[in-house]
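> below are the sequence and a predicted model for it; my questions follow.
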Amino acid sequence: MGTVLGAMRNVRWHELQHAYGSASQVPVVLSRIAWGDAPNSDEALSDLERWIGTPPVFDSTAATVPFLWELARTDTVRSRAGVLDLLARVLATGNADHPAWTRAAHDAVAAGRETAARLAGPPALTAATPPASPAPAVRTAAARLAAAIDRHACPACPAPGPRGA
């Protein structure tokens, strides 16, 4: 699988569930998002959204989120803005019967706050490399997600402490 999504092999996907059953196909769908052409990537993202991003969240949701952050950071992924939007949907979704799953999924999204801020901001200027700015849709989706993380509050998650604490 290369370096992008390489750690997927460390997750016991067959032991996890999504909205329609076993999460064993999640790695295939993540790979289609990572390397598929635009229609294939969009279709895979739509499938994943139905599996993990619609109420309620499942145990596979928290396991999937770090890989979504990896896709959001990867310049070659065609549907980066859609990936960021899916992360925002996960943050807005819960599971009243399984608050631990909700908190794990929300914590996994919040863990990528710095990535969202970096993608939302201006490109970094370095002498060695010309600036590579994300597309406007990516910057916009990242800014929305960073703001959603900052104002997130739900019964499953503890109240946020002061920033930088």
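Everything's here; your move.
> could you say which helix or strand holds the most centrally placed residue in the chain?
Note on the chain: the residue nearest the mean C-alpha position is Leu68, at 3.5 Å, using CA atoms, centre = their mean. Following DSSP states H and E, one finds Leu68 within helix 59-73.
> and that helix, what does it pack onto?
strand 17-18, helix 26-35, helix 38-52, helix 80-92, helix 99-110, helix 113-120 (3 or more CB pairs under 8 Å, 6 or more residues apart in numbering; DSSP states H and E). In short, each C-beta sits where N, CA and C put it, glycine included.
> of these, flag the one that's most buried.
helix 80-92 (a mean of 23; mean count of other CB atoms under 10 Å).
> which strands or helices does it pack on?
Secondary elements touching helix 80-92 (3+ CB pairs under 8 Å, 6+ apart): helix 38-52, helix 59-73, helix 99-110, helix 113-120, helix 136-151.
> quick check: angle from the shortest one to helix 59-73?
It stands for helix 113-120. 40 degrees (axes from the mean of the first three to the mean of the last three CA atoms, to 10 degrees).
> next one: the third one
Put simply, helix 99-110 runs at 0 degrees to helix 59-73, going by the same axes, to 10 degrees.
> next one: the longest one
For helix 136-151 against helix 59-73, the angle between stretch directions is 130 degrees (the same axes, to 10 degrees).
> just the C-alpha atoms of helix 136-151, please, in CSV.
The C-alpha trace of helix 136-151 is given here as CSV (Å, rounded to 0.1, in the frame of the first residue of the first chain):
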residue,chain,number,x,y,z
PRO,A,136,-9.7,27.0,-2.3
ALA,A,137,-12.3,24.3,-1.6
VAL,A,138,-9.8,22.5,0.7
ARG,A,139,-8.9,25.7,2.5
THR,A,140,-12.6,26.5,3.0
ALA,A,141,-13.5,23.0,4.2
ALA,A,142,-10.5,23.0,6.5
ALA,A,143,-11.4,26.3,8.0
ARG,A,144,-15.0,25.1,8.7
LEU,A,145,-13.7,21.9,10.3
ALA,A,146,-11.2,23.8,12.5
ALA,A,147,-14.0,26.1,13.7
ALA,A,148,-16.3,23.1,14.3
ILE,A,149,-13.5,21.5,16.4
ASP,A,150,-13.0,24.7,18.4
ARG,A,151,-16.7,25.0,19.3
